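Student: Please find the sequence and the predicted model below.
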Amino acid sequence: METSIFETFGLKKIINASGKMTALGASAVTDEIANALKNAAQGYVDIDELMEYAGTVIAHHTGAEDGCPTVGAAAGIAISTASVITGKNLSLIERMPHSEGLKNEIIIQKGHNVHFGGRIDQMIRLGGGAIVEVGNANKVESDHIEGAITDKTAALIYIKSHHAVQKGMQSIETMLQIAKKHQIPLIIDGAAENDFKKYIAMGADIVIYSGGKALEGPTSGFICGKKEYMEACRKQYKGIGRAMKVGKESISGLIVALNQYPFKDDGVDEQISSMTKLCETLNQVEGLSCTIKQDEAGRPIYRAQIEVKKEAGISAEQLLHKLEIGNPAIYLRHHYVNVGILSVDPRPLLVGQEDIIAEQIISIIKEAKK
């Protein structure tokens, strides 16, 4: 296998079994996307014209009226927030994030105000939003949401993520009904979602996606929605967007990735096959129990879930640590490590890497039992 550029820098080799994680570089792109990045880097373009063209491509692939490219989904939250507060008013755009006296409140369910590697509420504040948390961390009623709406409410926001509390929250359908009843926009953060048409078809005003997760594009993101908001989003690049501007390379790679996406296979059969093979191997090890589980948020992702029991002679935390300091360093999904569960996400794996993961886990456990 060809040496990666990161290894030439003297950095450790990585096997990514944790998913499309920002901390590991999100996605590895196809040759076509890589060529788009290279060609864009070696040329010149009117950035405003490129941004508008990207908006039409985003609209085509999402069913929205228009779109706006971003440097990532987190930037999309800040830019979307600013757009519903300032509209296209340049004087207001240049004031952000200082929105005192403006219609600036963003209502969020308490169980959705999470940390995803950064804080949701911080991204909202960067866009000038005054965040209004409603309900409880494990239970929100529709009355909580409606009761928080005032003449200062700029938007509702819904966070569709495995990081968010999955039970006890009000649904997107309920949020849409409330938003329409009170004639305020609903923003949906669907950063890692794989269906780019679903929420627009449901009636959402603004939807935010990552370009480097399900899309498997470069480090980027995109916003789609009503034309008035998308024009306001693009205009934020004269304000807060300047500090999070997306370059010609990322926009070009994003466009190519979007155009490729309709022809992309989820690879569910391959996922299940490789994870079944891994589980069959690990289930022969005393102290390990491996099963295949679908993604918590219902996406077409099938991971191997490894329960580390006391008979393994090592805790899940210790196993995770030893895998990460190995050579190659192996990163597993560890959202439930505190209850002894690790997971293997098959999507980023190269052919045969599930065998290397199994070998390393077995080796570590054998050493622990000595």
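Tutor: Yep, it's here. Numbering: from 1, shown residues only.

Student: Below-threshold pLDDT in the stretch 151-300 of the chain: ranges please.
Tutor: Counting by pLDDT under 70, the ranges of the stretch 151-300 of the chain that qualify are 297.

Student: For it, which segments count as strands?
Tutor: For the stretch 151-300 of the chain, applying DSSP state E, counting those that start in this stretch gives strands covering 153-159, 186-189, 206-210, 221-225, 288-294.

Student: among those strands, which is nearest residue 50?
Tutor: strand 221-225 (13.2 Å; Cβ to Cβ). (Glycine included, C-beta is placed from N, CA and C.)

Student: tell me what that closest one is packed against?
Tutor: helix 47-62, strand 66-70, helix 73-86, strand 206-210, helix 227-235 (3 or more Cβ pairs under 8 Å, 6 or more residues apart in numbering; DSSP states H and E).

Student: Could you dump the strands of the stretch 151-300 of the chain into TSV with mean neighbour count and distance to residue 45 added?
Tutor: Below are these laid out as TSV (neighbours: other Cβ atoms under 10 Å; distance: least, Cβ to Cβ, whole Å):
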stretch	mean neighbour count	distance to residue 45
strand 153-159	25	32
strand 186-189	27	29
strand 206-210	29	23
strand 221-225	30	18
strand 288-294	17	42
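
Student: Can you show me the helices along the stretch 101-250 of the chain?
Tutor: 120-126, 142-148, 172-182, 198-202, 227-235, 248-260 (DSSP state H, counting those that start in this stretch).

Student: how about those in TSV, adding distance to residue 266?
Tutor: Formatted as TSV, the helices of the stretch 101-250 of the chain follow (distance: least, Cβ to Cβ, whole Å):
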stretch	distance to residue 266
helix 120-126	27
helix 142-148	33
helix 172-182	22
helix 198-202	15
helix 227-235	28
helix 248-260	14
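
Student: Out of the ones you listed, which is closest to residue 100?
Tutor: Per Cβ to Cβ, nearest to residue 100 of the helices of the stretch 101-250 of the chain: helix 120-126, 12.6 Å.

Student: Which residues does that closest one contact?
Tutor: For helix 120-126, contacts defined as Cβ atoms under 8 Å, 6 or more residues apart in numbering pick out 74-75, 77-78, 81, 97, 106, 108, 112-114, 131, 157, 159, 189, 240.

Student: Looking at these, spot the one nearest residue 363.
Tutor: residue 114 (35.5 Å).

Student: so how far is the first residue of stretch 320-333 from its last?
Tutor: 9 Å (Cα to Cα, to the nearest Å).

Student: try stretch 135-151
Tutor: For stretch 135-151, the first and last residues are 20 Å from each other (Cα to Cα).

Student: Off-centre distance for that stretch?
Tutor: 25 Å (Cα atoms, centre = their mean, to the nearest Å).

Student: Make residue 1 into 11 and carry on from there
Tutor: All set: I'll call the first residue 11, so the last point we hit is now stretch 145-161.

Student: which residues touch that stretch?
Tutor: 113, 115, 117, 119-121, 142, 144, 166, 175, 177-180, 184-185, 188, 192, 194.

Student: again, 10 Å this time
Tutor: By Cβ atoms under 10 Å, 6 or more residues apart in numbering, the list of residues contacting stretch 145-161 from outside reads 113, 115, 117-124, 142-144, 166, 175, 177-181, 184-185, 187-189, 191-192, 194.
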